[in-house]
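**Q** pasting the sequence and the predicted model now:
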Amino acid sequence: MIVGREKEIKKLNDLYNSDSAELVALYGRRRVGKTFLIDEVFEGRMSFRHSGLSPIDDLNTTDNKRKSKMKNQLDHFFRSLKLQGYKDKVKPKSWLEAFYMLEDLIIDKYDDKERVLIFIDEIQWLDTPRSNFMTGFEAFWNGWACHKKNIMVIVCGSSSSWILDHVINNHGGLYGRVTYEMKLYPFTLKECELFLDSRNICMSRYDMTQTYMMVGGIPYYLKYFEKELSLPQNIDNIFFSDDALLKDEYNRLFSSLFVNPEIMKTIVGAIGSKTRGLTRKELTTQTGISDSGELSKQLKALISGDFIIEYNSFGNSKRETFYKLIDPYCNFYLSFMYGNKNNKRKNWINIADSPKVTTWKGLAFENVCWNHIKQIKTALEIGGVSTEESLWSKKGDKDSEGTQIDLIIERKDNVVNMCESKFYSESFSVDKDYHLILEKRKKLLYEVIPKKASVHNILITTYGLTHNEYYGDFVRVVTLDDLFK
């Protein structure tokens, strides 16, 4: 059963039922459910399918074996052709030949009145060095498939940057040829709830939010949660047991997506070391990576893959771009698993209330909010208002104190929402000390925003706000129930 994805399902069916050739590019973070979506939507309607061989197994091979990557991919493609009806026994020596064979297979099996669906999964893995894969694919589409009104081709990839650079924004033979692009995003909190409910997993929204803090909205990770276990037991089982299911996922994730996984992990680790993220200058200083066009490509790849976001700093006359890690799984891994070379058993239930975990939950909840800006805006009844989101971290000096604001929403209607996020197991209560902190932050904010703008304090928390003498410090309160809408 597919959870959510209603818009994507409708669009895919509309494209399938169109009376023209379609080239669809589907992409999104690895493990987000792209292949599952296609399998479920087009069950019984697939004419030809193939998936590239993962490069992970090549990481420790010799240079001579690596030279056989193209041959292995071609052999695997030929195997798919044979399994799906191709009769010739001569293997292709190039991608041009391989796609000619695919054309022959379709011509032999189907007439022009039948809808023919061709699905090529993890297409970026087929594009091995010096293989001229794209030459073969471009010839297949431009020279044959696009002229057949009954042909629909779906190319799918977990390397979002590869799909964007080589297919969607291709400046060569595929320029302007993609008829529809579709990005599959991780689940929202509500979709996570629906997914867990579909598996008969009984969990409070409080625990579901903690689950999201650890694995995000990735269905592949969520499926490892077992209904008979508590949340701490599930965490131990998935991350910290001797045979933990996601123990090696971090390394495999980067190795499967990037040709330079170690550099990408270095970048992600550095960006994740600061809640506010890093500027490009801070990143190069901290990592020693040169500031170059290659770094721009690497940051772009991490953004398109939903690992990081970029935002403009708030409160400075000259705004700097910050890069912030928002992938929950990566944040959790770097906080509790990275550097644990022997994967020393942690037993989560015994540390769940420790100061380190409590601090981490507060920071992780900030990321939950960043990933649910749409829901927050809806709760504030500003869904149709143009906004820009940022975080403000002001260093103190001899003349003034420093401060940090978790989330700032600048609105086109002359309002600045100063958002405070608090992950509590009960309703949040504002005491005198926190009241004074809010007043100070609001005063500092008024110093840097346009005079025509006003500041509205917003609280984003789990179970609302306790009514006391300082209750009025917040104009609006956004709760977990709002985030789950």
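**A** Now that the structure is in, tell me what you want to look at. Note that this is a predicted model, so its numbers are computed, not measured.
**Q** what about Ile267, helix or strand, and which?
**A** Element membership for Ile267 (DSSP states H and E) is helix 261-272.
**Q** so which elements touch the helix or strand just after that helix?
**A** Using DSSP H and E, the helix or strand that follows helix 261-272 towards the C-terminus is strand 278-279. If you count contacts as 3 or more CB pairs under 8 Å, 6 or more residues apart in numbering; DSSP states H and E, strand 278-279 packs onto strand 321-325. Just so you know, the C-beta spots here come from the backbone N, C-alpha and C atoms, and that holds for glycine as well.
**Q** and the helix holding Ile267, what does it pack onto?
**A** Packing contacts for helix 261-272, counted by 3+ CB pairs under 8 Å, 6+ apart, involve helix 249-257, helix 280-287, helix 293-304, strand 321-325, helix 328-336.
**Q** redo those as CSV? Include mean pLDDT and mean neighbour count.
**A** Shown next, in CSV, are the helices and strands packed on helix 261-272 (pLDDT from 0 to 100; neighbours: other CB atoms under 10 Å):
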stretch, mean pLDDT, mean neighbour count
helix 249-257, 92, 20
helix 280-287, 96, 16
helix 293-304, 95, 16
strand 321-325, 93, 21
helix 328-336, 95, 21
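**Q** can I get the ones you listed in a markdown table including distance to Phe187?
**A** As requested, those are exported to a markdown table (distance: least, CB to CB, whole Å):
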| stretch | distance to Phe187 |
| --- | --- |
| helix 249-257 | 17 |
| helix 280-287 | 29 |
| helix 293-304 | 19 |
| strand 321-325 | 19 |
| helix 328-336 | 11 |
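**Q** closest one to Asp104 among these?
**A** Among the helices and strands packed on helix 261-272, the nearest to Asp104 by CB to CB is helix 249-257 (31.7 Å).
**Q** hmm, who's touching the closest one?
**A** Helix 249-257 is touched from outside by 30-31, 54-56, 59, 158-159, 221, 261, 264-265, 268, 301, 305, 329-330, 333, 337-338, with contacts defined as CB atoms under 8 Å, 6 or more residues apart in numbering.
**Q** if we can go back for a sec, and the helix holding Ile267, how far from the chain's centre?
**A** 16 Å (CA atoms, centre = their mean, to the nearest Å).
**Q** got the buried residues for that helix?
**A** In terms of neighbour count (16 or more other CB atoms under 10 Å), helix 261-272 has its buried residues at 261, 263-272.
**Q** repeat that for stretch 40-50.
**A** Residues 41-42, 47-50 are the ones in stretch 40-50 that count as buried (16+ other CB under 10 Å).
**Q** and stretch 426-441, by the same measure?
**A** The neighbour-count check on stretch 426-441 (16+ other CB under 10 Å) flags 428, 430, 438, 441 as buried.
**Q** likewise for stretch 27-36?
**A** By neighbour count on 16+ other CB under 10 Å, the buried set for stretch 27-36 is 27-35.
**Q** now, those that are in helices?
**A** 34-35 (DSSP state H).
**Q** and the buried residues of stretch 27-36 as a markdown table, adding pLDDT and distance to Val357?
**A** Shown next, in a markdown table, are the buried residues of stretch 27-36 (pLDDT from 0 to 100; distance: CB to CB, whole Å):
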| residue | pLDDT | distance to Val357 |
| --- | --- | --- |
| Tyr27 | 96 | 34 |
| Gly28 | 94 | 30 |
| Arg29 | 91 | 26 |
| Arg30 | 91 | 27 |
| Arg31 | 93 | 25 |
| Val32 | 95 | 27 |
| Gly33 | 95 | 29 |
| Lys34 | 96 | 33 |
| Thr35 | 97 | 34 |
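**Q** out of the helices and strands packed on helix 261-272, which is closest to Gln404?
**A** Across these, Gln404 has its closest neighbour in strand 321-325 (12.7 Å, CB to CB).
**Q** which outside residues touch the closest one?
**A** By CB under 8 Å, 6+ apart, the residues outside strand 321-325 that reach it are 268, 271-272, 276-280, 283, 299, 302, 307-313, 331, 334, 367, 370, 391.
**Q** low-confidence regions, the stretch 301-450 of the chain specifically.
**A** 315-318, 340-346, 396-401 (pLDDT under 70).
**Q** now the strands for it?
**A** Counting by DSSP state E, counting those that start in this stretch, the stretch 301-450 of the chain has strands at residues 308-312, 321-325, 387-394, 403-411, 415-422.
**Q** tabulate these (CSV), appending distance to Tyr100.
**A** Output for these, formatted as CSV (distance: least, CB to CB, whole Å):
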stretch, distance to Tyr100
strand 308-312, 41
strand 321-325, 44
strand 387-394, 50
strand 403-411, 54
strand 415-422, 57
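**Q** mind checking which of those is nearest Gly362?
**A** It's strand 415-422; of the strands of the stretch 301-450 of the chain, that one is closest to Gly362 (CB to CB) at 7.5 Å.
**Q** residues of that closest one that come out buried?
**A** When burial is assessed from 16+ other CB under 10 Å, strand 415-422 yields the following buried residues: 415-422.
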